[in-house]
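Engineer: Okay, sequence plus prediction incoming.
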Amino acid sequence: MSETVLEVKDLKVHYPVRTGGLIVGRYTPLKALDGVSFELKAGETLGVVGESGCGKSTLGRAVLQLLTATGGAVAWLGRTLTALDAKELKAEREHMQIVFQDPLASLDPRMTAGDIIAEPLRNYRPAMSKAEMKSKVKDMMVRVGLHPAMINRYPHEFSGGQCQRIGIARAMILDPKLVVCDEPVSALDVSIRAQVVNLLMELQRAMNLTMIFISHDLSIVRHISHRVMVLYLGKTMEIAPRDALYADPRHPYTQALLSAVPVPDPSVARARPRIPLAGELPSPLNPPSGCVFRTRCPRATAVCAALVPPQEQPGAGHDVWCHHWRETKVAP
Amino acid sequence: MSSVNMTSAHGAALTSAGEVDGRSLWQDAWRRLKRNRAALASMIVLGVIAAVCLIGPYTLPWPYDAIDWDHVEAMPPNMELGHYLGTDSVGRDLLARTLVGGRVSLMVGVLATLVALFIGVTVGAIAGFIGGRVDQLLMRLVDLLYSVPLTFFVIILMVMFGRNFILMFLAIGAVEWLTMARIVRGQTLSLKSKEFIEAARASGGSTAGIILRHIVPNVLGVVIVYVTLTIPQVILLESFLSFLGLGVQEPLTSWGVLLNEGAAELEVNPQTLIVPAVFMTATLFCFNFLGDGLRDALDPKDR
Amino acid sequence: MTQRILDISDLNVRFATEDGEVAAVSDVSLHVNKGECLGIVGESGSGKSQTFMAVMGLLAANGKATGSARFGEIDLLKANEHTLNTVRGNRLAMVFQDPMTALTPHMRVGRQLTEVLERHRGMDTKAARAEAVAMMARVQITEPERRFAMYPHELSGGLRQRIVLAMALLCGPELVIADEPTTALDVTVQALILDLMRELKEKHGTGFVLITHDLGVVAGLADRVAVMYAGRVVENASVAEIFAAPRHPYTKGLLACTPRLTDAPTAVLPTIPGQPPNLQKLPSGCSFHPRCAAVFDRCRAERPALAEGGTLNACFLNHSVAAGGAA
């Protein structure tokens, strides 16, 4: 691993939501993402976990500038993407791609597999000849495990796993340097999931990709990530190297998430203590004061309501935002 | 997690290079349409009517605008004189007039709908896809035009540009595109949130490129159904305008004009009403059946 | 001692499509005992959902079910619509993956609950309301009185699924069929719902059929597990046997490729090669043979029956010589 390639600083995405006002609307910001910072090195995979509504998909799209950030900065190889105009952004986008969750919905139903995979080439290599494009597409199909004879087939003629391979081929055809994977395997069957995870890991190693892997499945994130970030209500709760996070989670939210993951082993599953989370996810329109997690936290005290927890470091590269991180050390 | 994919089929033909040809959604829809008897029959009938209207007049003994000076009055069918379906009140061949009127009616129907299609899809897709101010502006324009009474609008056009055949296409097209634009905008809004549109943007596609490559082909299904249902509407609208005296000019005619004249003579010369009415009703029927069939074929889930 | 509340035998489900017949479910025989949870595990297209859609009489119009599904004294497959309506939602309830499909969007959730009670148990409005609120509290909905007057869209996914569960439990059903009840939910909420189902099973003797693709979910709740592949049951055993000593290669593969939180990360996850089969063009012999590592000639020619061999499974490797041959 080498130098830092991606730098995200205090990234914020707020949506104005109309909350009243008869003629002149009154708007409250919905803080989908509220001050997230991290750095990534070339060839590194960051896993992003959290429950629905925590802002993990927003983060992926904001990094790629598919969404406009309200505040903060995203710097790619030293260039601040958030300050670029449309033309400069298009040029930078060549190196950044995304793989989506729903394999079928992310493919245009009226285009053939070949046309879908070739689309980035058409946009970025307008001079390339048809024959050359086709051979590149076929090479890429082989690489992601699709039979090149299927080039003229339409998405509805493929299975879910094959559609996801088409999506991956489209993302990889320009030799990107940064790939955001937004829940790429959660819509797939169990036996196909492992195949796709293996494919992504193999491509990542071969192309030295920097990857942001967004998922709610903590088991898969453990396999694929070098570092893991835990989000809750648009804020980072904990970020740590993989082994540190799974072996020694310090944030009560991380601990609760880990304890809720189903274990495919009946004796363990029935004996394991579970850390229950009280209540419901608060509305992002009106997040709790101080620590946003305090309303559901088993360890919450008065200080949690009063003060936003500062960034603390339980270990090297391990950051946690919790007032009580010193007391939370438990053997999981 | 969907359960069983009940509709997917894997009938595919091998081409020379060993590549397997897929079956596009259009081909699937075409296959389903061909299986719908009513729609298929409608297509054939429409084809026959169009062909007869186009070629028919050249093969008849009487041109549509010639008056049979020996019989300057309405006449029932007479084989010897070559008036196979009789004549109108001034002695012009009814069949020839109906066929020529059909040309005009069908042409107005198809061309005006194409005008509506072009403007409607463009405005709807742009408004829906770009959204924001552009959307507000375009849709308020649509609302505004909706509120202008059609006859008033047409009369103003006539006053400004005089009676002109081309003007009718424009007038009707200019009205019909409003609904088309609304439909396309609605479809575009729902397409816009689909992941493949986001994927196209992430792949470096420009706004215009995405509208042309991804939005338009995907709204076309709904649009085609609407087109087949708009054509008969336009044909009716044309007869209404002709009824007001704003349509085609004598001696040229259309089904609407013929119906209007026939209605006046219904008691003495029923054939002057019946002949154009049969042609027109058959055409409208077929378009409606075809539209229904297309809707089923393009969206099998809604059946 | 054990009383069978649902007994499915030789169930076949066929769908007539424009491209020919689809064999969604073939020769499935399963039973659920009183107070037991039967886990049904399979991937998309395995027929796990269609089996129980057929049992509930909820097949799509082009589907046809044959065989029998005895629920008490009634054969659900042969019962008329009237009989089905007195059973469904009353003695036999169903919970779906998406709670939004089970709730009417324009009706307050409380009203939807009391309606069930008024219809099936003939309660008056006041009694029904008290019962509904009590049930909401039992499925751990906090502030049930306030939520009683809410519309489905005002509730979070987890709360909605709890409402649906409450609705399923209102009439004290003998059996609840839960089709992927937690797939759309977050892990923390999933854990709560599963805990709740376990408590109902243990305290109230409610029988459950838990249909899922997630082996982790069945591990925590099921007593017996049936694994389905390509419309057939390929292995049927106690939950302990399925996880500790699976016999069918598909079950083994499925277990191997489910990553566990406790596993040390590896460079390559174990996989089952290939794709789930197309139900219109099923492979000859054993449907799993093109993806099976232990395949041999007989698998391609003959279909193994579901027979005793360590567990009840459909694999020649486990059957003694005499037990082969398709049923």
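Structural biologist: Great, that's in hand. Numbering: from 1, shown residues only, chains lettered A, B, ... in the order given.
Engineer: use CA for all of it now, contacts and neighbours both
Structural biologist: OK.
Engineer: Next up, identify which helix or strand residue 250 is on.
Structural biologist: Assuming you mean chain A. For A:R250, there is no host helix or strand (DSSP states H and E).
Engineer: nope, chain B
Structural biologist: Judged by DSSP H and E, B:E250 forms part of no helix or strand.
Engineer: Tell me the pLDDT of it.
Structural biologist: Note for B:E250: predicted pLDDT of 73.
Engineer: Chain A versus that one, what's the distance?
Structural biologist: 48 Å (C-alpha to the nearest C-alpha, to the nearest Å).
Engineer: got it, and C:A102?
Structural biologist: 21 Å.
Engineer: What's the local residue count around that residue?
Structural biologist: C:A102 has 16 neighbouring residues, counting by other C-alpha atoms under 10 Å in any protein chain shown.
Engineer: neighbours of residue 173, just the number please.
Structural biologist: Picked chain A for this. Using other C-alpha under 10 Å, A:I173 has 19 other residues around it.
Engineer: I was after chain B.
Structural biologist: 25.
Engineer: And A:C322, by the same measure?
Structural biologist: Per other C-alpha under 10 Å, the neighbour tally for A:C322 reads 24.
Engineer: residues in contact with it?
Structural biologist: A:C322 is in contact with A:237, A:251, A:291, A:309-312, counting by C-alpha atoms under 8 Å, 6 or more residues apart in numbering or on different chains.
Engineer: Of those residues, which pair is most distant in space?
Structural biologist: Greatest spacing in these, by C-alpha to C-alpha: A:C291 and A:E312 (13.7 Å).
Engineer: Quick check: residues of the stretch 151-300 of chain B near chain A?
Structural biologist: When proximity is defined as C-alpha under 8 Å from any C-alpha of the partner chain, the stretch 151-300 of chain B approaches chain A at B:194-205, B:214, B:217-218.
Engineer: any idea where the helices of the stretch 1-150 of chain A begin and end?
Structural biologist: Remark: helices assigned in the stretch 1-150 of chain A by DSSP state H, counting those that start in this stretch are A:56-63, A:86-93, A:113-124, A:130-143.
Engineer: Ranked by average pLDDT, which of those falls at the bottom?
Structural biologist: Note on the helices of the stretch 1-150 of chain A: lowest mean pLDDT is at helix A:86-93, with a mean of 86.
Engineer: Output it as PDB - backbone C-alpha positions only.
Structural biologist: Taking Å, rounded to 0.1, in the frame of the first residue of the first chain, the C-alpha atoms of helix A:86-93 are listed here in PDB:
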ATOM      1  CA  ALA A  86     -18.900  19.800 -15.200                       C
ATOM      2  CA  LYS A  87     -16.200  19.300 -17.900                       C
ATOM      3  CA  GLU A  88     -13.300  18.800 -15.600                       C
ATOM      4  CA  LEU A  89     -15.500  16.500 -13.500                       C
ATOM      5  CA  LYS A  90     -16.300  14.300 -16.500                       C
ATOM      6  CA  ALA A  91     -12.500  13.900 -17.100                       C
ATOM      7  CA  GLU A  92     -11.900  12.900 -13.500                       C
ATOM      8  CA  ARG A  93     -14.900  10.600 -13.500                       C
END
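Engineer: interface residues of the stretch 1-150 of chain C facing chain B?
Structural biologist: Residues of the stretch 1-150 of chain C lying near chain B by C-alpha under 8 Å from any C-alpha: C:15, C:17-19, C:22, C:24, C:44-47, C:49-50.
Engineer: Go ahead and build a PyMOL selection from the buried members of those residues.
Structural biologist: PyMOL command restricting the residues of the stretch 1-150 of chain C next to chain B to the buried ones, with burial defined by 16 or more other C-alpha atoms under 10 Å in any protein chain shown:
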select buried, chain C and resi 15+22+24+44+45+46+47+49+50
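Engineer: Quick check: of the residues of the stretch 1-150 of chain C next to chain B, which lies closest to chain A?
Structural biologist: Proximity of the residues of the stretch 1-150 of chain C next to chain B to chain A (C-alpha to the nearest C-alpha) peaks at C:S44, which lies at 6.7 Å.
Engineer: wait, the closest one sits on A:A187?
Structural biologist: No. The criterion here is C-alpha atoms under 8 Å, and C:S44 misses it with A:A187 at 10.5 Å.
Engineer: which stretches of chain A form strands?
Structural biologist: A:4-20, A:26-41, A:45-49, A:71-76, A:79-80, A:96-99, A:178-182, A:210-214, A:227-232, A:235-241, A:312-315, A:318-320 (DSSP state E).
Engineer: closest one to chain C among these?
Structural biologist: With respect to chain C, and counting by C-alpha to the nearest C-alpha, the nearest of the strands of chain A is strand A:45-49 at 11.1 Å.
Engineer: now the angle between strand A:178-182 and that closest one, please.
Structural biologist: Here strand A:45-49 points in a direction 20 degrees away from that of strand A:178-182 (axes from the mean of the first three to the mean of the last three C-alpha atoms, to 10 degrees).
Engineer: For strand A:45-49, which strands pair with it and how are they oriented?
Structural biologist: Partners of strand A:45-49 in the sheet, by DSSP bridges, are strand A:210-214 (parallel), strand A:227-232 (parallel).
Engineer: export the ones you listed to TSV and tack on mean pLDDT?
Structural biologist: Converted to TSV, the strands paired with strand A:45-49 look like this (pLDDT from 0 to 100):
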stretch	mean pLDDT
strand A:210-214	94
strand A:227-232	94
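Engineer: Output these in TSV; the columns should cover mean neighbour count.
Structural biologist: Below are the strands paired with strand A:45-49 laid out as TSV (neighbours: other C-alpha atoms under 10 Å in any protein chain shown):
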stretch	mean neighbour count
strand A:210-214	25
strand A:227-232	24
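Engineer: quick one on the thing from earlier: got the strands of chain A as CSV, with distance to B:L237 columns?
Structural biologist: Listed next are these as CSV, based on distance: least, C-alpha to C-alpha, whole Å:
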stretch, distance to B:L237
strand A:4-20, 43
strand A:26-41, 46
strand A:45-49, 60
strand A:71-76, 55
strand A:79-80, 58
strand A:96-99, 50
strand A:178-182, 52
strand A:210-214, 56
strand A:227-232, 60
strand A:235-241, 60
strand A:312-315, 75
strand A:318-320, 71
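Engineer: Counting by contacts, list what the host helix or strand of B:G102 packs against.
Structural biologist: Element membership of B:G102 [criterion: DSSP H and E] is helix B:94-130. Contact here means 3 or more C-alpha pairs under 8 Å, 6 or more residues apart in numbering or on different chains; DSSP states H and E; on that basis helix B:94-130 packs against helix B:37-59, helix B:132-146, helix B:165-192, helix B:216-243, helix B:255-264, helix B:271-298.
Engineer: And what about C:A226, helix, strand or coil?
Structural biologist: Recorded secondary structure, C:A226: strand (DSSP: H, G, I helix; E, B strand; the rest coil).
Engineer: What does the pLDDT read for it?
Structural biologist: 94.
Engineer: ok, now how distant is A:D115 from A:I166?
Structural biologist: In this view, A:D115 and A:I166 are 10 Å apart by C-alpha to C-alpha, to the nearest Å.
Engineer: The spatially closest residue to B:A202 that is not a sequence neighbour: what's it in contact with?
Structural biologist: Once flanking residues are discounted, B:A202 sits nearest to A:Q97: 6.3 Å by C-alpha to C-alpha, 6 or more residues apart in numbering or on different chains. Applying C-alpha under 8 Å, 6+ apart to A:Q97 gives the contacts A:64, A:171-172, A:176, A:178-180, B:202-203.
Engineer: ok, how many other residues are close to the residue lying closest to A:F100 once chain neighbours are set aside?
Structural biologist: Spatial nearest neighbour of A:F100, excluding adjacent residues (C-alpha to C-alpha, 6+ apart): A:D182 at 5.1 Å. If you count neighbours by other C-alpha under 10 Å, A:D182 ends up with 24.
Engineer: just to revisit the earlier point, of the contacts of A:C322, just the buried ones, ChimeraX syntax please.
Structural biologist: A single ChimeraX command selects the buried members of these (16+ other C-alpha under 10 Å):
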select /A:237,251,291,309
